[in-house]
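[1] show me the folded form of this:
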Amino acid sequence: MRLRSTLAVAAFAVAALPNLASAQREPFPGLDTYIANAVKTWKIPGIGVAIVRNDSVLFTKGYGTLAVNSTTPVNDQTLFEIGSSSKAFTATLVAMLVSDGKMRFDDRITQYLPDFKMYDPLASAEVTMRDALTHRSGIARGELVWLGSGATRAEVLHRVRFLKPESPFRSRWSYQNMMFLAAGEAAAKAAGTTWEDLVQKRIFTPLGMTASVPIAKGLSNPNVAKPHGMDHDTAFVKPAFDAMNIAPAGSILSSARDMAQWLRFQLGDGMFNGNRLVASAPLRETHTPQMLMGAGAGGGRGRGNEAVPQTVFSTYGMGWMVEDHRRNLVWQHGGNTPGMTAAVGMMPERKFGVVVLSNMQSAQLPEIIMRYIFDREIGAPMRDLSAEAYTRLIAQRKTADSMQVVQAGQRSKGEPPVPLSAFAGTYVDSLYGEATVSLVNGRLELKRGDWQGPLEFWNATNFRWDNGPGSVTGPMNIKFEIAPDGKVTGLYFGIGGDLDLMNRKAPPGGRGGRGGAGGGMQ
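    Here you go, the predicted model:
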């Protein structure tokens, strides 16, 4: 019986794949050359592209190589980290469970995760699956709660209760990865399995996404793109991203060929190869505007934005940004990890979709290529969006270089106000966990979770922390708190201007600190 089941799945998967030869022919004259030239201009090592129209895969192709120092070419089966494009998969899983009668979008999260709590008592009592899937919980991003922290999913969800809101509950759109983690874990609980198993069984297998994996752990496929960063014009390889503790928000690896099947399913209103995988109504709910995104949301979209001049309005559904491209309805969601960038978008009224996957962190090109292909599909006046954006990038780099010069000038040539040994110790916080400062061979080092690196004195009580090549933050500013008696009592830790105080841990038998985010470790 198991053999019959395996054979049936294999046959179904083959039926789902496009004809490879026909999928290599460019759907628009000159498109292949345009993409190849853009990849060279932006110095991105590798890109995978897929285009779908009317339930047919028009085009799948790879460009460049798996890594900057590799000669192995990218093809349409090369796996890339798709980052936050994974969110639509989690939202679709919830829609499937709604279709099954096992969940409702307006169920409280605590119905499935009884121990889940938030800082605001009202939000804690009322937060629903819909709230989590639409970024309207009100809490700040707090990325360092999970990013590089070494915390498990359960520990990350526990720490959400210490993350202060940045706006009133349900008042506005506020991007939040940990709430998608909560939604994914709640869906898994409702289904009696894990999120990984749910994605595999409910989406990857029936869609024939045979190369895709929910998480990178245990991956043995050699056809995987290497993550990269960019130092001016030089690409460099970065460590693979471990997204295990935030998986439902951004851990999936997929290929251009597999993602083409995902587009067919979404554009097909939940039907795939004649089989209905999810009821129409709950899937359409994920594509329906739920929250208005403010100016600058979603990567800077909005009227008058130079990077995306074609978009007038932006709203958020569930796992999808619902907006327009030159007055054409679009469902789209990008993805960024510490070494890769993805763009996934569809024009549902035209039954048209595009996927662009890249192995470069914070790359603009995937969305640019997607928008360029949208323009070709609707017959808009031709513009070289890649060249226009690259010109802006060069100007931005010059500004950034000038800022670095200014910042370097702020570095003190003197010494810290207290001896280096005074900074050594363990610092603790309810939200961020523990950080340890050590004095090693006359230099300070800071370790927190998976990140470790030297602390260099900058000025006053500020140090610059180089937290390793796997960090998305780059060197971080660490500010120490020093009491009038010269004792170091805490350090400020955070990104994006959102800093929390980690108090120095008291020695055994001593009195502990308050914990910068809500009362010490719990």
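[2] pLDDT below threshold where in the protein?
    1-23, 294-309, 402, 404-409, 468-471, 496-498, 506-522 (pLDDT under 70).
[3] what residues are bridge-paired with Ile51?
    Going by DSSP bridges, Ile51 is paired in beta bridges with Phe59, Val354.
[4] surely it meets Ile35?
    No: applying CB atoms under 8 Å, one finds Ile51 not in contact with Ile35, separated by 10.7 Å. Using the backbone N, CA and C atoms, a C-beta is placed for each residue, glycine as well.
[5] who has more neighbours, these two?
    When neighbours are counted by other CB atoms under 10 Å, Ile51 and Ile35 differ, and Ile51 comes out ahead with 27 against 22.
[6] so who does that one touch?
    Under the criterion of CB atoms under 8 Å, 6 or more residues apart in numbering, the neighbours of Ile51 are 27, 57-60, 260, 352-355, 373.
[7] any idea which of those is the one closest to Ile215?
    Each of these was scored against Ile215 by CB to CB, and Val355 proved nearest at 19.9 Å.
[8] count residues in the vicinity of the closest one, would you?
    So Val355, with other CB under 10 Å, has 30 neighbours.
[9] any idea how far it is from Met259?
    Between Val355 and Met259 the computed distance is 4 Å (CB to CB, to the nearest Å).
[10] now for the two: what residues contact both?
    Jointly contacting Val355 and Met259 under the rule CB under 8 Å, 6+ apart are 50, 344.
[11] how far does stretch 389-400 sit from the chain's center?
    The gap between where stretch 389-400 is centred and where its chain is centred comes out at 24 Å by CA atoms, centre = their mean, to the nearest Å.
[12] packing partners for the strand or helix carrying Phe265?
    If you go by DSSP states H and E, Phe265 is part of helix 256-267. Using 3 or more CB pairs under 8 Å, 6 or more residues apart in numbering; DSSP states H and E as the contact test, the elements touching helix 256-267 are strand 46-53, strand 56-64, helix 87-100, helix 205-207, strand 271-272, strand 341-347, strand 352-358.
[13] helices or strands up against the fourth one?
    Read that as helix 205-207. Other helices and strands packing on helix 205-207, by 3+ CB pairs under 8 Å, 6+ apart, are helix 2-16, helix 256-267.
[14] using PDB, write out the CA atom coordinates for whichever helix or strand comes after that helix.
    Of the helices and strands lying after helix 205-207 in sequence (DSSP H and E), the nearest is strand 228-231. As requested, the backbone C-alpha atoms of strand 228-231 are provided in PDB (Å, rounded to 0.1, in the frame of the first residue of the first chain):
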ATOM      1  CA  HIS A 228      26.000  36.500  -0.500                       C
ATOM      2  CA  GLY A 229      26.500  40.000   0.700                       C
ATOM      3  CA  MET A 230      27.900  43.000  -1.200                       C
ATOM      4  CA  ASP A 231      30.800  45.200  -0.300                       C
END
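[15] coming back round to it: let's have the contacts of Ile51 in JSON lines, adding distance to Val145.
    Formatted as JSON lines, those follow (distance: CB to CB, whole Å):
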{"residue": "Pro27", "distance to Val145": "43"}
{"residue": "Val57", "distance to Val145": "39"}
{"residue": "Leu58", "distance to Val145": "42"}
{"residue": "Phe59", "distance to Val145": "40"}
{"residue": "Thr60", "distance to Val145": "37"}
{"residue": "Ala260", "distance to Val145": "35"}
{"residue": "Phe352", "distance to Val145": "38"}
{"residue": "Gly353", "distance to Val145": "34"}
{"residue": "Val354", "distance to Val145": "33"}
{"residue": "Val355", "distance to Val145": "30"}
{"residue": "Ile373", "distance to Val145": "37"}
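[16] and those, which is closest to Asp450?
    Nearest to Asp450 out of the contacts of Ile51 is Val355 (CB to CB; 29.9 Å).
[17] distance of the closest one relative to Gly138?
    Distance, Val355 to Gly138, using CB to CB: 32 Å.
[18] Ile482 too?
    The separation that Ile482 has from Gly138, given CB to CB, amounts to 34 Å.
[19] those two - which one has more neighbours?
    Counted by other CB under 10 Å, Ile482 and Gly138 do not tie: Gly138 has more neighbours, with 24 against 17.
[20] OK, contacts around the more buried one?
    Counting by CB under 8 Å, 6+ apart, Gly138 has contacts 120, 123, 165-172, 174.
[21] kindly report the same for Val278.
    Contacts for Val278 were tallied using CB under 8 Å, 6+ apart; they are 92, 95-96, 99, 270.
[22] now, among these, which is nearest to Pro227?
    Using CB to CB, Thr92 is the member of the contacts of Val278 that sits closest to Pro227, with 25.7 Å.
[23] does the closest one touch Gly319 like I think?
    Yes: here Thr92 reaches Gly319: they are 7.1 Å apart, a contact under CB under 8 Å.
[24] these two: who's more crowded?
    In this comparison of Thr92 against Gly319, neighbours counted by other CB under 10 Å, the higher total goes to Gly319 at 28 against 25.
[25] excluding residues flanking it in the chain, which one is nearest that one?
    When the adjacent residues along the chain are set aside, Gly319 lies closest to Ala91, with 3.2 Å between them (CB to CB, 6 or more residues apart in numbering).
[26] how many other residues sit next to that neighbour?
    Using other CB under 10 Å, Ala91 is surrounded by 30 other residues.
[27] Ala483 too?
    10.
[28] that one contacts Gly490, correct?
    No: with contact taken as CB under 8 Å, Ala483 and Gly490 are classed as non-touching, separated by 9.4 Å.
[29] related to what we said a few turns ago, for the residue nearest to Gly319, give me its contacts.
    133, 183, 286, 317-320.
[30] do Val160 as well
    Going by CB under 8 Å, 6+ apart, Val160 touches 116-119, 139, 145, 178-179, 182.
[31] check Met318 too.
    Taking CB under 8 Å, 6+ apart as the definition of contact, the neighbours of Met318 are 91, 94-95, 105, 130, 133-134, 285-286, 290.
[32] how close does Arg371 sit to Thr311?
    Between Arg371 and Thr311 the computed distance is 9 Å (CB to CB).
[33] what comes up buried for stretch 71-86?
    Going by neighbour count (16 or more other CB atoms under 10 Å), the buried part of stretch 71-86 is 74-86.
[34] could I get these as a markdown table with secondary structure and distance to Asp324?
    Converted to a markdown table, those look like this (DSSP: H, G, I helix; E, B strand; the rest coil; distance: CB to CB, whole Å):
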| residue | secondary structure | distance to Asp324 |
| --- | --- | --- |
| Val74 | coil | 31 |
| Asn75 | coil | 33 |
| Asp76 | coil | 29 |
| Gln77 | coil | 33 |
| Thr78 | coil | 31 |
| Leu79 | strand | 31 |
| Phe80 | strand | 27 |
| Glu81 | strand | 28 |
| Ile82 | coil | 23 |
| Gly83 | helix | 23 |
| Ser84 | helix | 21 |
| Ser85 | helix | 20 |
| Ser86 | helix | 24 |
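[35] you'd agree His135 is in a helix?
    No: inclusion of His135 in a helix is not indicated when DSSP: H, G, I helix; E, B strand; the rest coil is applied; the result is coil.
[36] how about it, what does it touch?
    Listed by CB under 8 Å, 6+ apart, the contact set of His135 reads 173-176, 179, 291, 316.
[37] which one (most neighbours) among these?
    With neighbours set by other CB under 10 Å, the maximum within these is found at Met179, which has 27 neighbours.
[38] wait, what's in contact with it?
    131-133, 135, 137, 139, 160.
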